[in-house]
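Colleague: when you get a sec, could you give me coordinates for this:
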Amino acid sequence: MKLSVKGILLTGVLAVSANVAMASQQTNPWLEQWYKAKFGRNTPAEEARQKAVRSQSPPQQNPALKVARPTSEQYELWYKAKFGRNSPMEEARQKAAGQP
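Modeller: The predicted model follows:
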C-alpha cells in the first residue's frame with residue numbers, strides 16, 4: 001500500500017513540476033504554434049505581450065476599418081492544420097480532378 005501511495009505522490013510531483021516548467025517559460029515557439037493551431041488564437045501570454053506593445057505605441061488618428069475575409073487557401077491551410085487532412089470541399093475537388 002505504501003509503495004503505491006509513494007508512486008502516486010512521486011507522479012504528482014513530477015506532473016506539477018513539468019507544468020510549472022512549461023508555464024514559466026517566457027517564449028516557446030513550439031507551444032505558441034501548437035496553441036494557435038488548436039485554438040485559433042494566440043496564447044494568453046502572447047496576447048498580453050501584444051497588448052503591452054500596442055499600449056506603448058501612439059494611437060492612430062484615422063484607422064482604416066478593413067474586414068478581411070479568409071480566402072479559400074487560408075481556410076484550407078487552417079483546416080489541414082486543425083484536422084490533419086484536407087477539407088471535404090478540397091477532397092471533392094481533388095476527386096473530380098482525378099488527383100490522389
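Colleague: tally up the residues packed near I8, please.
Modeller: 10 (other Cβ atoms under 10 Å). Any C-beta I mention is one placed from the backbone N, CA and C, and that applies to glycine too.
Colleague: quick one, helices of this structure?
Modeller: Secondary structure of the chain (DSSP state H): helices at 2-24, 29-39, 44-56, 72-83, 88-97.
Colleague: make JSON lines out of these and add mean pLDDT.
Modeller: Shown next, in JSON lines, are the helices of the chain (pLDDT from 0 to 100):
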{"stretch": "helix 2-24", "mean pLDDT": "75"}
{"stretch": "helix 29-39", "mean pLDDT": "86"}
{"stretch": "helix 44-56", "mean pLDDT": "88"}
{"stretch": "helix 72-83", "mean pLDDT": "89"}
{"stretch": "helix 88-97", "mean pLDDT": "89"}
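Colleague: contacting residues around the most centrally placed residue in the chain?
Modeller: When Cα atoms, centre = their mean is applied to the chain, the residue found nearest the centroid is K36 (1.7 Å). Shown in contact with K36 (Cβ atoms under 8 Å, 6 or more residues apart in numbering): N42, T43.
Colleague: same question, the one 4 residues further on
Modeller: With contacts defined as Cβ under 8 Å, 6+ apart, G40 is in contact with W78, K82.
Colleague: give me that answer again for 10 Å
Modeller: With contact set as Cβ atoms under 10 Å, 6 or more residues apart in numbering, G40 has these partners: W78, A81, K82.
Colleague: need those in CSV with distance to R54 and neighbour count, can you?
Modeller: Formatted as CSV, the contacts of G40 follow (distance: Cβ to Cβ, whole Å; neighbours: other Cβ atoms under 10 Å):
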residue, distance to R54, neighbour count
W78, 24, 14
A81, 26, 13
K82, 27, 13
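Colleague: for these, which one is nearest L9?
Modeller: Comparing those against L9 with Cβ to Cβ places K82 closest, at 37.5 Å.
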